[in-house]
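A.B. asks: Coordinates only, no sequence provided:
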């Protein structure tokens, strides 16, 4: 039997505590903030009607296209509805409570976190349900989480266990902190040569039995995997690896049902990062629909769908659409929302432009950024698509090298240039303030992040 | 004739405006901050006597060893005194006004900045003299800087010009903003295939003459290069390239003196990033000492010397010491001050430990981090040096993979592990709060950064 977001209509909508954030004056130490906006409450930023193209923002500046954000949020709601699954978006992508609110508005069931410090930040803004998709160790980290559990009996919290050693640490912590309700854990499935998580079904069964036998301090609530540890150009190998991890989640869930490892209540089956949420949805939804004697909830955890990107996830999306078939729905899918704008500061050689954004501003772990648009005030009515032969060949901390493969660049000192990125997580974490903009790059508001 | 820091004893010491920062309560959204420190004024953090080794900090956390910071600050003061040069440390490395103060306390002549937003942040904390080692373009960026110039006639500010186009933009900006004193510019020397800056001596001469002819709005105050655009394993080629850039600075300075490009007053010769400050000091000090009819000040701009690191600059230091000879002084030189500590959260295979720090916490642009120490509470009296065969083989956003080249790791879930990094700039920018610690890893205080 399946529980999914659509069953939750009876729950009141989640309203995060954003008032203080939105009232907070914008500090004059935020990069990308113009002089005119210093000291202004965040919520009044849109009233300035700042225009990126008119030069109203110091650059570099990071922008989120409001139209694409809205499209992506709605798209994911529709996708999860079709698939009959729930969504706990990974908040570590953006660490932006204002975007979390948007995700709850579009039906998110929970937020996913990676660290105890994330959990604390989420709770500060009132997130009612958190999946810590990670182990939790260390006195001070445990304290951050247990404090929240003790302060609010309604705080619905899940975390991962992948070893007897980790289980034992959690049992001790529950006792030391005097927690009066069980800690809800998910058994983490890994893969040989991968990150954390049990390596085999046999290890998983041993751990599942150990959790069942660990007494009332710890309640096993489901099975988890992050299949995104598989990545790279060898699509067949990567997909097989990811699918095998997802199928191991299913297998351990079935074993757990038949052996009675799970605490009473819903059983969570959770996997599905931003590259494989289609596979996780299909495979796990079929398991959840089977008759296991438990109500099962499938929870996807993509963090990147909201902003998407123009390089890494955009490339992966083509394949995802192929795999998903009818489940994908009509249309191409997610749209890139995130761009970083800079100035051309020097054209020291005809085929090279040096631009005012670098490693401090742009993702560079998955791939180098790519110029998307350029714009010259007084010459262009709107940003012009850059030729495919322009590329970023190098980043320094504060500079990007834009080169043309052949011939001179038409760029001049003072031109604006927009970069698309691959892997939004590592661009968001470089910006304490991003702008939401309309399709003409007028600033509608600001989004604060907490990294 | 040479001006250098030792001549500046008559100047009052620089006292930055740090009181508000030090009184600011620590927000409960700062990673690495324990529950007990939330809301505490920054300046009272040391009073908690937190112990990293006792588990008082949520991890990951970034620490600066106070003893190494002090050593490095003093070392650089002594080095520049021996070399007869001044220091304008690149503040973009740390973006930490508290560390800027320490640099001024040890005789820094100015701070170097990379962006207009940096200049604004520096000014907010009262930095009296700034070298913007970059071009400045864009309406809103110019406004940030010109506002400071107009508000304080005592603000001593320099920026780079590398083209006629850039010069023209600055001239227009001075007129539009009604600036009543000349904008002080430095002619930027580049290299073919490099970043910004003129490519040849001939281009430099043409630009120098153009600045002289540009009227009173712009005053040429010196010549600049960032020779650190040369890097890599081919030491001979890299050193030759860097040295050639530094010598081009000298050549253009001599040309400027003989052709009368420079405005009255001191002429600045500035180069010397963190990898080559010895070469810049030697070469440029000799030029400054020659009889050119101008008082010349050689300004080095290393940003990384204060924290140093354990991988990239530590490796480069060996060669720097060889090159510098007697100028280096006694002793090995700079010491690593920066470490990022994490927990072992999983040991899923005997030779692999997964740790709670990742791309969000550690530099990975120059090289992957390296485990330096490990520590088990109850077993170790002090952190143990890690065997050289342990390495970080991969980083995810929030995880590090520590692998042993052979045999099993002795690590267990809950052990502490310290990572050394290469390139401090890209670790500082991941931490809004770093801890200063004593040699036993007790927290002495906190350093806030503004990225």
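C.D. replies: Looks like it arrived, so ask away. What you see is a predicted model; the values in this text were computed from it and never measured. Numbering: from 1, shown residues only, chains lettered A, B, ... in the order given.

A.B. asks: which one's the longest strand in chain A?
C.D. replies: Longest strand of chain A, by residue count under DSSP state E: strand A:338-349.

A.B. asks: wait, does that strand make contact with chain B?
C.D. replies: Yes - against chain B, strand A:338-349 shows contacts by C-beta under 8 Å from any C-beta of the partner chain at A:343, A:344, A:345, A:346, A:347, A:348, A:349. In this view, the C-beta of every residue, glycine as well, is placed from N, C-alpha and C.

A.B. asks: can you pull the contacts of residue A:164?
C.D. replies: A:206, A:207, A:210 (C-beta atoms under 8 Å, 6 or more residues apart in numbering or on different chains).

A.B. asks: Check which helices and strands the following helix or strand past the longest strand of chain A is in contact with.
C.D. replies: Heading C-terminal from strand A:338-349, the first helix or strand you meet, by DSSP states H and E, is strand A:352-355. Applying 3 or more C-beta pairs under 8 Å, 6 or more residues apart in numbering or on different chains; DSSP states H and E, we find strand A:352-355 packed against strand A:338-349, strand A:400-404.

A.B. asks: Give me whichever of these is most buried.
C.D. replies: For the helices and strands packed on strand A:352-355, average neighbour numbers computed from mean count of other C-beta atoms under 10 Å in any protein chain shown are highest in strand A:338-349, which has a mean of 26.

A.B. asks: Mind listing the strands that one pairs with, and their directions?
C.D. replies: Under the criterion DSSP bridges, strand A:338-349 sits next to strand A:61-65 (antiparallel), strand A:352-355 (antiparallel), strand A:416-420 (antiparallel) in its sheet.

A.B. asks: so the closest residue to residue A:231 other than its chain neighbours is in which element?
C.D. replies: Ranked by C-beta to C-beta, 6 or more residues apart in numbering or on different chains and with sequence neighbours excluded, the top spatial neighbour of residue A:231 is residue A:238, at 6.2 Å. Following DSSP H and E, one finds residue A:238 within helix A:235-259.

A.B. asks: buried residues in that helix?
C.D. replies: A:238-239, A:241-243, A:245-253, A:255-257 (16 or more other C-beta atoms under 10 Å in any protein chain shown).

A.B. asks: now do stretch A:105-125
C.D. replies: Within stretch A:105-125, the residues that count as buried by 16+ other C-beta under 10 Å are A:106-125.

A.B. asks: Point out the ones among these that are inside helices.
C.D. replies: A:116, A:117, A:118, A:119, A:120, A:121, A:122, A:123, A:124 (DSSP state H).

A.B. asks: The residues you listed: which ones sit near chain B?
C.D. replies: A:116, A:117, A:120, A:121, A:124.

A.B. asks: Turn those residues into TSV, including pLDDT.
C.D. replies: TSV is the format used below for those (pLDDT from 0 to 100):
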residue	pLDDT
A:116	98
A:117	98
A:120	98
A:121	98
A:124	98
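
A.B. asks: Skip the chain neighbours and tell me the closest residue to residue A:297.
C.D. replies: Residue A:297's closest residue in space is residue A:3 (C-beta to C-beta, 6+ apart), at 4.3 Å.

A.B. asks: who in the stretch 101-250 of chain A is up against chain B?
C.D. replies: A:114-117, A:120-121, A:124, A:134-141, A:143-144, A:147, A:162-163, A:165-166, A:169, A:190, A:192-199, A:229.

A.B. asks: Can you flag the buried ones in these?
C.D. replies: Of these, these count as buried by 16+ other C-beta under 10 Å: A:114-117, A:120-121, A:124, A:134-141, A:143-144, A:162-163, A:165-166, A:169, A:190, A:194-199, A:229.

A.B. asks: Looking at these, which are in helices?
C.D. replies: Going by DSSP H, the helices hold A:116-117, A:120-121, A:124, A:139-141, A:143-144, A:165-166, A:169 from those.

A.B. asks: can I assume the residue nearest to residue A:297 is in contact with residue A:268?
C.D. replies: No - counting by C-beta atoms under 8 Å, residue A:3 stays clear of residue A:268, with 9.4 Å between them.

A.B. asks: what residues are up against the closest residue to residue A:55 other than its chain neighbours?
C.D. replies: In space, and not counting its chain neighbours, residue A:55 is closest to residue B:139: 3.8 Å by C-beta to C-beta, 6+ apart. Taking C-beta under 8 Å, 6+ apart, we find residue B:139 in contact with A:54, A:55, A:56.

A.B. asks: How many neighbouring residues does the first one have?
C.D. replies: Which is residue A:54. Applying other C-beta atoms under 10 Å in any protein chain shown, we find 13 residues neighbouring residue A:54.

A.B. asks: Quick check, the residue in the stretch 301-450 of chain A closest to chain B?
C.D. replies: residue A:346 (3.7 Å; C-beta to the nearest C-beta).

A.B. asks: Contact partners for the closest residue to residue A:260 other than its chain neighbours?
C.D. replies: Nearest-residue entry for residue A:260: residue A:212, 6.8 Å, with adjacent residues in sequence omitted and distances by C-beta to C-beta, 6+ apart. Contacts of residue A:212 were listed using C-beta under 8 Å, 6+ apart, and they are A:220, A:259, A:260, A:261.

A.B. asks: Any idea how many residues pack against the first one?
C.D. replies: When you say that, I think you mean residue A:220. Count around residue A:220 with other C-beta under 10 Å applied: 25.

A.B. asks: what is it paired to in the beta sheet?
C.D. replies: Here residue A:220, judged by DSSP bridges, has bridge partners residue A:185.

A.B. asks: residue contacts, the nearest residue to residue A:347 once chain neighbours are set aside?
C.D. replies: Leaving aside its chain neighbours, residue A:347 sits nearest to residue A:353 (5.1 Å; criterion: C-beta to C-beta, 6+ apart). Residues in contact with residue A:353 (C-beta under 8 Å, 6+ apart) are A:344, A:346, A:347, A:401, A:402, A:403, A:409, A:411, A:415, A:417.

A.B. asks: rerun that using 10 Å as the cut-off
C.D. replies: Residues counted as contacts of residue A:353 (C-beta atoms under 10 Å, 6 or more residues apart in numbering or on different chains) are A:342-347, A:371, A:374, A:390, A:400-404, A:409-413, A:415, A:417, B:196.

A.B. asks: Alright, that wraps it up for me.
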